[in-house]
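Undergrad: The following block contains a protein sequence and its predicted model.
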Amino acid sequence: MLLFAQFQLTVPVSVVFAKGALPGAQWRRLPFTDTQEEESLLNPKTSVTARYETTYRSATATEQAALAMATVQEADAELLPLQEDSVGALTVYVIPETSLLLPQGIGVYVGKHRSAVMRRTQGPGDVLAAISDRVRQIVQAMSFTTDSITTALSDRVPMDQLGTDTRRPFKSSLGYEITFSLLNPDPKSHDVHWDIEAAVNSYVQPFLDKLGSVANFSVDSQILYYAVLGVSPRFDKASSSFILSALSLPHVINPVEARLGSSATSLYPVLNFLLYVPERVHSPLYIQDKDGAAVGTNAFHSPRWGGIMVYNIDHPAPDKAPLPLRVDVDMVRVMEVFLAQLRLLFGISQVPLPEEFLLESPGNKGLTDWELDRLLWTRTVENIATVSTTLTSLAQLLDKIGNIVIKDDVASEVYHAVASAQTAMLELASGRLGSAFQASKEAVTSSERAFFDPSLLHLLYFPDDQKFAIYIPLFLPMAVPILLSLVKILREAKQSKKEPMKTD
Amino acid sequence: MAGAVAAVLGLLLLLGSPGASTGPPRDSLREELLLSPLPSGDLAATFQFRARWDSELHREGVSHYRLFPKALGQLISKYLVRELHLSLTQGFWRTRTWGQPYLQAPAGAELWVWFQDSVTDVDKAWKELSNILSGIFCASLNFIDSTNTVTPTASFKPLGLANVTDHHLLRYAVLPREVVCTENLTPWKKLLPCGSKAGLAVLLKAERLFHSSYHSQAVHIRPICRDASCLSVSWELRQTLTVVFDTFSIGQGKRDWSLFKMFSRTITEACPLASESKIYVDISSKTQENELLEVTPLPLSVHEASVQGDRRTYAVYDLLSPSLFNVSRSLNVQLKWKRPQDSLDLSTPVLHAQRYVSGYGLQTGEISTLIYNTHPYRAFPVILLETVPWYLRLYVHTLVITTKGKENKPSYIHYQPAQDRRRPHLLEMLIQLPANSVTKITIQFERALLKWTEYTPDPNHGFYVSPSVLSALVPSVIAMKAEDAEQSPLFTSLFPSSDGSSYFVRLYTEPLLVNLPTPDFSMPYNVICLTCTVVAVCYGSFYNLLTRTFHVEEPSRGGLAKRLANIIRKVRGVPPL
């Protein structure tokens, strides 16, 4: 299926040794470069080769000064301008065992940007060999692992086994529409207000700005009244609350979706985030997981669709407050959940790491530089795979219809798509992630434009088998005398064969 | 310097942000239902849902919707629409027997849009807009293309706030063939904030609405003044639905009606989101012919208004007033006629029109339009818009306008000839209608031959010609008070009224059905079959001739047939074979 079966991904890594992190004999060998490769086979035709180009060098004076700061966070901020500004390139600083930069019990610190600080581990023998495993671990956490690439390709490449988590992230697309909907099924008793505009500006927009290089985003919101969930919740006497069990969640979305409406003006996939304020007669409403425990956030997400959060309202004594009750939604609580779901749906999930790793929190941007890199690695590979499948199916279509007309502009789009995809592969192999991603994006745009060109609609072409049907009235009467005479000839031949036998 | 700019920006942001969150709700909803008995005895029910949004839709980044539907809001901001009017209609409003409509729509689908002057390619925006609307409303609006789109110069003026009257930004199209049914009503209902769950929309039950003589649903979007000073713009979305019930057939020969009889539902509550929710019942005849009818329950208030040159009295039920639902839990408005009325005097409306096709044969024909002015002493001008598809080739030199036997010269003519397969004929005229007169407009046409792929799936049904549009300022019979238009029910505020002495009317004539010369579509196949048979027969005999070996046959005793023939010959006395 795939045109490009061999992916080669090169990660430029520089390992910087602070003073005292290396014994004297090895210190003198610096700087030097080392390349390691790791190949994995996804299926018989597709393989992914990870190439780690590691440069070992000693710290410069400014870097040394930065690493001597009091806390590791300050050091991280100080080190940022010293790194070359290249998407996908990583820097690992190795500090001596005795350094007080890292807190006790922490071996590795992963910063907000594209760098990590690690403590030299105690061990006999070759120090370089000892740290190289640890460096590999850090680099994989900050760039990609075979698993993440496999997940990205799971849609495009036929594979044997698929985990449940692989289907969670949205497919790579050039843009996304994010829609926040407030569902108020009971406007008679609840007058719900949310300050979505401010919440989007302060929480979602910084995150999306950071992701701006990956795709275009548009955000909108709406309030839907009388929109109810598809299942009626079960009353739980013990807690005097209503329960929505995990089993019934799949049935919740469909009736709501009819009301949501798709985006009228763009073709990008829509991510829906729903805030559901349960009816007065059904509140409080809690979501229960498979084990019967209440879900802390009272929210769930549906892979490749979006997320739903249930927002319960405290009811004062029934006769005291006049209806409808005015409710102002606490947007901080809501946005925390929706941002976490958004990260999940984009496939920016936390990587399982050993305990001695310390991850810096992404801050108000909601996304660190290396997390963006992780996304770019997988998206680039996914885009290239998308281009290849799109072009393959286009080729199959053309094979099926012999007399289809390919216009010049379609042909040039196809050439451009192939060229861009090849550029992306080359750039990946040489470790330039940023330009590789841009090339892969261009390739996707061109291939889609070629594939969806209106002139390539197969219904426009007259099928060959029907042409045959039209000429049946001609062929059939003409065939009858020919067939009859063939039968006659055969019979005569048989007779003439038999007759000499008889005379014998 | 940069720091100062940043500080100013920060200050602006601080000033700007609290205004957005606090303050009065920036959108509002009003719902109204007008029930008016028609002169013919039928009953017209007109729903109107008005959503108003104090927001600049064209400003970048407005994307948070509450009562205004998101789908339409996105459409307006993306395609820079200034005004949008879409109507989907099943049936034809009979002006002669039903009186002047509040808001008439042509049979089928009608769409007219004013774009902002910042739109560079109006045709492209129009094409994309109609395609998206077709998706939203499940209608065949995607069949709108250059062959049925026109740009009228005088007939359609912006109804909202507008200082642009450059008609190049206007596009108008009618699809008379469009059939309106439930699938168009459902998306229309979905645009209402309360859906069909509460308020007046509860009555909108498809199986009753389409069991009627006339059904018309419309969407009007226009910018309006936010307040009296008119410094900023608000957007208004009017969703209207008019339905005419035949009360005779529903009420077994009686003209009494009730909400339950017509809609098989009653009203239990107002839409909680609406700031106004009212039912008006037209009881004008009650006051004129002393106590002919009675409405139950007793209306809370009575409203008098002069609508379309006539003084009208309405019984008003305000669904938001708590006393209404005190007595009973649901509201079922009923109207009873005290005396059986056999002949209601049909007061003919001041302006009405009819149109027909005449002529014989399939080559030429004539379109005739009759416009009636029944006003006893006032003459007034009317703008007539004719859109004729290209396959009817109009002969403009045959255009004849006669009133009372004399030729009537139009004071303005705009004619745009058709181009084959590219654009339709457009004829706009300003005609003066003398008092108490009938004006006849005739024009001859020739029918063109279409290519065989251009015929519609049912070509022998005929081809529709969209209705002609009459727009006029009709002088009113009575003196109308200049009153607060916002207070009057329904549509009085949609059309701008110039002064108290006249009112605006837009009328549509019947769509025409014209037969075009239609070929026999099975002919190609027949020809193929015939030629194939001929070729096959020729081939067969030729093949036989070529392949058979001929040899002389020895005369023999002959078979049974020969013997029989000889016996007969013997009987007849003829020598045997």
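TA: Perfect, thanks for sending it.
Undergrad: Output the below-cut-off pLDDT ranges for the stretch 1-150 of chain B.
TA: Low-confidence segments of the stretch 1-150 of chain B (pLDDT under 70): B:1-25, B:57-62.
Undergrad: Repeat the analysis, applying 50 as the threshold.
TA: B:1-23 (pLDDT under 50).
Undergrad: what about the helices in it?
TA: If DSSP state H, counting those that start in this stretch is used as the criterion, the helices of the stretch 1-150 of chain B fall at B:2-21, B:70-79, B:95-98, B:122-137.
Undergrad: A:Arg374 contacts A:Met142, correct?
TA: Yes - taking contact to mean Cβ atoms under 8 Å, the distance of 7.1 Å between A:Arg374 and A:Met142 places them in contact. For glycine as for every other residue, the C-beta is placed from the backbone atoms N, C-alpha and C.
Undergrad: And the residue of the stretch 101-250 of chain B closest to chain A?
TA: In the stretch 101-250 of chain B, no residue comes nearer to chain A than B:Lys197, which is 4.0 Å away by Cβ to the nearest Cβ.
Undergrad: Enumerate every residue touching residue 327.
TA: I'll assume chain A. Each residue near A:Val327 by Cβ atoms under 8 Å, 6 or more residues apart in numbering or on different chains is listed here: A:His190, A:Asp191, A:Val192, A:His193, A:Val277, A:Ile313.
Undergrad: switch to chain B, that's the one I care about
TA: B:Pro297.
Undergrad: Also B:Ala173?
TA: Under the criterion of Cβ under 8 Å, 6+ apart, the contact partners of B:Ala173 comprise B:Glu110, B:Leu111, B:Trp112, B:Ser130, B:Ile144, B:Asn148, B:Thr149, B:Val150.
Undergrad: Verify the assumption that it is located in a strand.
TA: Yes - assigned with DSSP: H, G, I helix; E, B strand; the rest coil, B:Ala173 falls within a strand.
Undergrad: how long is stretch B:353-366 end to end?
TA: End-to-end distance of stretch B:353-366: 17 Å, with Cα to Cα, to the nearest Å as the criterion.
Undergrad: What residues sit buried inside it?
TA: Across stretch B:353-366, burial judged by 16 or more other Cβ atoms under 10 Å in any protein chain shown covers B:Ala353, B:Arg355, B:Val357, B:Gly365.
Undergrad: ok, now stretch A:82-95?
TA: If you call a residue buried by 16+ other Cβ under 10 Å, then stretch A:82-95 has these buried ones: A:Gln83, A:Val87, A:Gly88, A:Ala89, A:Leu90, A:Thr91, A:Val92, A:Tyr93, A:Val94, A:Ile95.
Undergrad: Give me the distance from stretch B:347-357 to the chain's centre.
TA: Here stretch B:347-357 is found 18 Å from its chain centre; the criterion is Cα atoms, centre = their mean, to the nearest Å.
Undergrad: Please enumerate residues in contact with that stretch?
TA: By Cβ under 8 Å, 6+ apart, the surrounding residues in contact with stretch B:347-357 are B:39, B:95-96, B:99-100, B:309, B:365-375, B:382, B:433, B:465, B:467-468, B:470, B:472, B:474-475, B:477, B:505, B:507, B:509-510, B:512-514.
Undergrad: So which of those belong to helices?
TA: B:Thr95, B:Arg96 (DSSP state H).
Undergrad: Sort out for me which of the contacts of stretch B:347-357 are in strands.
TA: Among the contacts of stretch B:347-357, the members falling in strands (DSSP state E) are B:365-373, B:382, B:433, B:465, B:470, B:472, B:474-475, B:505, B:507, B:512-514.
Undergrad: just the buried members of the residues you listed?
TA: For the ones in strands among the contacts of stretch B:347-357, burial is judged from neighbour counts taken by 16+ other Cβ under 10 Å, and it is met by B:365, B:367, B:369, B:371-373, B:382, B:433, B:465, B:470, B:472, B:474-475, B:505, B:507, B:512, B:514.
Undergrad: how about the residues of the stretch 151-300 of chain B near chain A?
TA: Residues of the stretch 151-300 of chain B found near chain A (Cβ under 8 Å from any Cβ of the partner chain) are B:Lys190, B:Pro193, B:Cys194, B:Gly195, B:Lys197, B:Ala198, B:Glu269, B:Pro272, B:Leu273.
Undergrad: now for the buried residues of stretch A:82-95, which pair is the farthest apart?
TA: Between all members of these, the longest pairwise span (Cβ to Cβ) is found for A:Val87 and A:Ile95 and amounts to 25.5 Å.
Undergrad: circling back: dump the buried residues of stretch A:82-95 to TSV, plus pLDDT and distance to A:Arg304.
TA: What follows is the buried residues of stretch A:82-95, written out as TSV (pLDDT from 0 to 100; distance: Cβ to Cβ, whole Å):
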residue	pLDDT	distance to A:Arg304
A:Gln83	71	35
A:Val87	79	26
A:Gly88	79	26
A:Ala89	83	31
A:Leu90	86	30
A:Thr91	87	35
A:Val92	87	35
A:Tyr93	87	39
A:Val94	86	41
A:Ile95	84	43
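Undergrad: Mind putting those residues into JSON lines with secondary structure?
TA: Written out in JSON lines, the entries for the buried residues of stretch A:82-95 read as follows (three-state DSSP):
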{"residue": "A:Gln83", "secondary structure": "coil"}
{"residue": "A:Val87", "secondary structure": "coil"}
{"residue": "A:Gly88", "secondary structure": "coil"}
{"residue": "A:Ala89", "secondary structure": "coil"}
{"residue": "A:Leu90", "secondary structure": "strand"}
{"residue": "A:Thr91", "secondary structure": "strand"}
{"residue": "A:Val92", "secondary structure": "strand"}
{"residue": "A:Tyr93", "secondary structure": "strand"}
{"residue": "A:Val94", "secondary structure": "strand"}
{"residue": "A:Ile95", "secondary structure": "strand"}
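Undergrad: closest to chain B among those?
TA: Closest to chain B out of the buried residues of stretch A:82-95 is A:Gln83 (25.8 Å), distances taken as Cβ to the nearest Cβ.
Undergrad: Which residue is the nearest non-sequential neighbour of the closest one?
TA: Nearest residue to A:Gln83, sequence neighbours excluded (Cβ to Cβ, 6 or more residues apart in numbering or on different chains): A:Thr91, at 5.3 Å.
Undergrad: Could I get the contacting residues of the one you found?
TA: Under the criterion of Cβ under 8 Å, 6+ apart, the contact partners of A:Thr91 comprise A:Val13, A:Ser14, A:Val15, A:Val16, A:Leu79, A:Gln83, A:Arg114, A:Ser115, A:Ala116.
Undergrad: A:Leu208 and A:Ser218, how far apart?
TA: Note on A:Leu208: its distance to A:Ser218, by Cβ to Cβ, to the nearest Å, is 9 Å.
Undergrad: Mind listing the shared neighbours of the two?
TA: Any residue near both A:Leu208 and A:Ser218 by Cβ under 8 Å, 6+ apart counts here, and that gives A:Ile178.
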